[in-house]
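Engineer: coordinates only, sequence not included:
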DNA sequence: TAGATTGTTAATCGATTAACAATC
DNA sequence: TAGATTGTTAATCGATTAACAATC
């Protein structure tokens, strides 16, 4: 569907545009300038981002909010339902199980895994916790597309391999470690320590 | 100290290099190629990143791990202690209060804030929870440099303003909203929904 | 000295910004 | 028609990569 190779930052901005658009009624018309202002970019950037995927606007007018929302939802593949599994039901993992941004129509955390016998078999935040040893086996029979890793760094690589074995096609990794996985698997890292360290760098100048 | 304007991605990589270096003994010599391999970049990138800040290597040999670690620690200003405050002691906020990456020598979450009277006055994960109304007042008397926002999106802007009023110089924002703050305040956003949405985009191709 | 790797400059690549013809 | 804003091409900017003289 995209006309050319799409930069990752463009996809990230589409997600931001979509969130902004949800605040407006579907029949309102919004210009690239208005939208740029709201999300903190430029009108040229907004138009360029959309241009990777098609022509969604009305020259001389702007973009119809309802139509634009639909298009972005389709581009981001949020018009289908994604099944997720989370591994590592510690404090951060439990918080993410309950996180509203992960609990939406489009996303369903179907399974959680942990190694702690005290947690296995329990239901935490509405999700049943299974034995992490059984990841490949249980995933295969559940059509899970995305794995979320919230384990300690030391075991994250091993868990990633089990997730891949179980058939996930994407991994969202919160463990502070660079995972090595097959290149056909999409990996996104959320590196909280790095964010904080980068922040204080800029404060020290 | 930096010779030129430093790209943000370079600072982010310094944080990653540092984490990798911690696994080696101080007197070992490591080449830019070795380090690049470990963190998944190129030797040229590694050398270029360091070159913004000085000459830390030995031509013909490589970098002494101990020396390189010290230099990066100094660059990132991790040789001083940073005082943090966290606002919004929900599930995510509580998880971050306990997060090992935020609980280190260099970082001290001194205060937490919430609006819930059931939480105010309590001690959660070792941190005393104060009334969010009193942010400016309490921060001023506590030398807090960094604020972490883990509130719902609707109140995040208002909280950001109170943090700025209280004198923070940097904000790490987990609320899914683009904050508007003075430009002398450094803002980093951690946007979990965006990460997940971007991930599934790539799975849908 | 020969071999290896740094630090730096120049070349390349890719993303952002500017400009404007097309179109409502 | 006049005014406004899109979609797209070209210009600019900035980061990555390649190449190599300097140096251990």
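Structural biologist: Ah, there it is. Please read all numbers here as calculations on a predicted model, not as lab measurements.

Engineer: okay, now the unreliable bits of chain A?
Structural biologist: A:1 (pLDDT under 70).

Engineer: most centrally placed residue in it?
Structural biologist: residue A:172 (7.2 Å; CA atoms, centre = their mean).

Engineer: how about that one, what does it touch?
Structural biologist: By CB atoms under 8 Å, 6 or more residues apart in numbering or on different chains, the residues touching residue A:172 are A:146-149, A:188, A:190, B:195-196, B:199. To be clear about C-beta, it is placed using only N, CA and C from the backbone, and glycine gets the same treatment.

Engineer: mind checking the SS state of it?
Structural biologist: Assigned by DSSP: H, G, I helix; E, B strand; the rest coil, the conformation of residue A:172 is strand.

Engineer: ok, the contacts of residue A:172 vs residue B:48, which is closest?
Structural biologist: Residue B:48 lies nearest to residue A:188 out of the contacts of residue A:172, by CB to CB, at 24.6 Å.

Engineer: which residue, other than its chain neighbours, is closest to residue A:87?
Structural biologist: residue A:113 (4.5 Å; CB to CB, 6 or more residues apart in numbering or on different chains).

Engineer: in contact with the one you found, which residues are there?
Structural biologist: A:85-89, A:129-132, A:134-135, A:138.

Engineer: same check on residue A:42?
Structural biologist: With CB under 8 Å, 6+ apart, residue A:42 has these contacts: residue A:36.

Engineer: then residue A:203?
Structural biologist: Contacts of residue A:203 (CB under 8 Å, 6+ apart): B:77, B:82, B:145-146, B:169-170, B:186.

Engineer: now the residue of chain A most remote from its centre: which helix or strand?
Structural biologist: In terms of distance from the mean C-alpha position of chain A, residue A:60 ranks first, at 34.3 Å (CA atoms, centre = their mean). Using DSSP states H and E, residue A:60 sits in no helix or strand.

Engineer: pull the contacting residues for residue A:10.
Structural biologist: Applying CB under 8 Å, 6+ apart, one finds that residue A:10 lies in contact with A:48-49, A:52.

Engineer: please report how far it lies from residue A:187.
Structural biologist: 19 Å (CB to CB, to the nearest Å).

Engineer: near DNA strand C, which residues of chain A show up?
Structural biologist: Contact residues, chain A versus DNA strand C (CB under 7 Å from any atom of the strand): A:5, A:7, A:9-10, A:41-42, A:44-45, A:47-48, A:58-61.

Engineer: and the longest strand anywhere in chain A, what's buried?
Structural biologist: When chain A is parsed with DSSP state E, its longest strand is strand A:107-114. Using 16 or more other CB atoms under 10 Å in any protein chain shown as the test for burial, strand A:107-114 gives A:107, A:109-114.

Engineer: after that strand, next one along is what?
Structural biologist: Next element after strand A:107-114 (DSSP H and E): strand A:123-124.

Engineer: please name every helix or strand in contact with the helix or strand following that next one.
Structural biologist: As assigned by DSSP H and E, the chain's next helix or strand after strand A:123-124 is strand A:127-131. Strand A:127-131 sits against strand A:107-114, with contacts defined as 3 or more CB pairs under 8 Å, 6 or more residues apart in numbering or on different chains; DSSP states H and E.

Engineer: burial of residue A:140, as a residue count?
Structural biologist: 12 (other CB atoms under 10 Å in any protein chain shown).

Engineer: repeat for the one 3 residues further on
Structural biologist: Around residue A:143 there are 9 other residues, counting by other CB under 10 Å.

Engineer: and the residue of chain A that's closest to DNA strand C?
Structural biologist: residue A:60 (2.2 Å; CB to the nearest atom of the strand).

Engineer: roughly how far apart are that residue and residue A:31?
Structural biologist: Taken as CB to CB, the span from residue A:60 to residue A:31 is 10 Å.

Engineer: got the angle between the longest strand of chain A and strand A:127-131?
Structural biologist: 40 degrees (axes from the mean of the first three to the mean of the last three CA atoms, to 10 degrees).

Engineer: now do the strands in chain A.
Structural biologist: Counting by DSSP E, the strands of chain A are A:29-30, A:63-64, A:82-87, A:107-114, A:123-124, A:127-131, A:146-149, A:170-173, A:186-189.

Engineer: ok, now how distant is the residue nearest to the centre of chain A from residue A:102?
Structural biologist: Taking CB to CB, one finds residue A:172 at 9 Å from residue A:102.

Engineer: got it, and residue A:16?
Structural biologist: 17 Å.

Engineer: same check on residue A:165?
Structural biologist: 23 Å.

Engineer: wait, what's in contact with the nearest residue to residue A:4 once chain neighbours are set aside?
Structural biologist: Closest residue to residue A:4 apart from its sequence neighbours, by CB to CB, 6+ apart: residue A:52 at 6.3 Å. Contacts for residue A:52 were tallied using CB under 8 Å, 6+ apart; they are A:2-4, A:6, A:10.

Engineer: and for residue A:62?
Structural biologist: Shown in contact with residue A:62 (CB under 8 Å, 6+ apart): A:29-32, A:34.

Engineer: export those as TSV, with columns for neighbour count.
Structural biologist: Putting those into TSV (neighbours: other CB atoms under 10 Å in any protein chain shown) gives the following:
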residue	neighbour count
A:29	15
A:30	20
A:31	15
A:32	20
A:34	16
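
Engineer: which two of those residues have the greatest separation?
Structural biologist: Maximum distance among the contacts of residue A:62 (CB to CB): 11.4 Å, for A:29 and A:32.

Engineer: which residues do those two both contact?
Structural biologist: With CB under 8 Å, 6+ apart, residue A:29 and residue A:32 have common neighbours A:62-63.

Engineer: I figured residue A:110 hits residue A:84, correct?
Structural biologist: Yes: Residue A:110 lies in contact with residue A:84 (CB atoms under 8 Å); the separation is 6.7 Å.
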